[in-house]
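Trainee: Here's a sequence, model it:
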Amino acid sequence: HFVGEASQRTLGEGWDANPEYVRLNTLFIVMEPMDKPLKKLISELGAAMDGGDGGRSAWPPVLPLPVFKVVMQRVLRGIVELLRFGIVHRDLKADNVLINYQHAAPEEGRAHPTVLVKLADFGHALDTTAHRSVIDFKMPYILHGTPKGGAAAYLAPEVVNAKAGTFDEPVFIDYSKN
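Mentor: Residues are numbered from 1 along each chain as shown. Just a heads-up that it's a prediction; the model follows:
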């Protein structure tokens, strides 16, 4: 009951008696604060590599290759771990990858940058183990306007272009490819 204990410390002894504080069927993930989203790290490190002209020569900004490799490896490990538990994020983008980043400091014993990566914002996540209608990461898309996932600019083309089916002939969105 980690969330219950944390809520009790935060809201006081009577927290569980007040139904306005209780959100049923909601998963709360509590973690330590992170420094910045990946999007900001890319901008900062890209600007540092641009030669001092405000980023104009390095557009779009890019991560140095060694940092990129570490970040991508850790993001992919996170995705694999989610999939192992039947969870599809559906809103993965640079704003939802949180980073703690420390530059290499040989004088402090850090020969390489330190990078901690966490995935965040599971508001559009799909728990395939909780939905009987989801089979092998394929979700029926029957009603037009049903949310398909996160920000439209980051959705896979097959998800964006999916047309709603009917109850008799459902269309399935295949999230196993995302």
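
Trainee: Show me which residues of the strand or helix carrying residue 45 are buried.
Mentor: If you go by DSSP states H and E, residue 45 is part of helix 38-48. Neighbour-count burial for helix 38-48 flags 38, 41, 42, 43, 45, 46 (criterion: 16 or more other CB atoms under 10 Å). (C-beta placed from N, C-alpha, C; glycine too.)

Trainee: Leaving out chain neighbours, which residue sits closest to residue 116?
Mentor: residue 100 (4.0 Å; CB to CB, 6 or more residues apart in numbering).

Trainee: is it true that that neighbour lies in a strand?
Mentor: Yes. Counting by DSSP: H, G, I helix; E, B strand; the rest coil, residue 100 falls inside a strand.

Trainee: Just give me the neighbour total for residue 163.
Mentor: By other CB atoms under 10 Å, 7 other residues sit near residue 163.

Trainee: just the one 10 residues further on next, same as before
Mentor: Residue 173: 22 surrounding residues under other CB under 10 Å.

Trainee: do residue 105 as well
Mentor: 12.

Trainee: Could you report the distance from it to residue 33?
Mentor: 21 Å (CB to CB, to the nearest Å).

Trainee: Counting neighbours, which bits of the longest helix seen in the chain end up buried?
Mentor: Ranked by residue count, the top helix of the chain under DSSP state H comes out as helix 65-84. The neighbour-count check on helix 65-84 (16+ other CB under 10 Å) flags 67, 70, 71, 74, 75, 78, 79, 82 as buried.

Trainee: Now do the contacts for the fourth one.
Mentor: Applying CB atoms under 8 Å, 6 or more residues apart in numbering, one finds that residue 74 lies in contact with 115, 117.

Trainee: What pLDDT does the model give it?
Mentor: We have a pLDDT of 94 for residue 74.

Trainee: One more: the last one?
Mentor: Among the per-residue scores, residue 82 shows a pLDDT of 90.

Trainee: pLDDT below threshold where in the chain?
Mentor: 1-30, 47-60, 131-136, 143-147, 176-178 (pLDDT under 70).

Trainee: got the residue ranges for the helices in it?
Mentor: Going by DSSP H, the chain shows helices at 2-11, 38-48, 65-84, 157-160.

Trainee: Okay, buried residues for the shortest one please.
Mentor: Spelled out, that is helix 157-160. The neighbour-count check on helix 157-160 (16+ other CB under 10 Å) flags residue 159 as buried.
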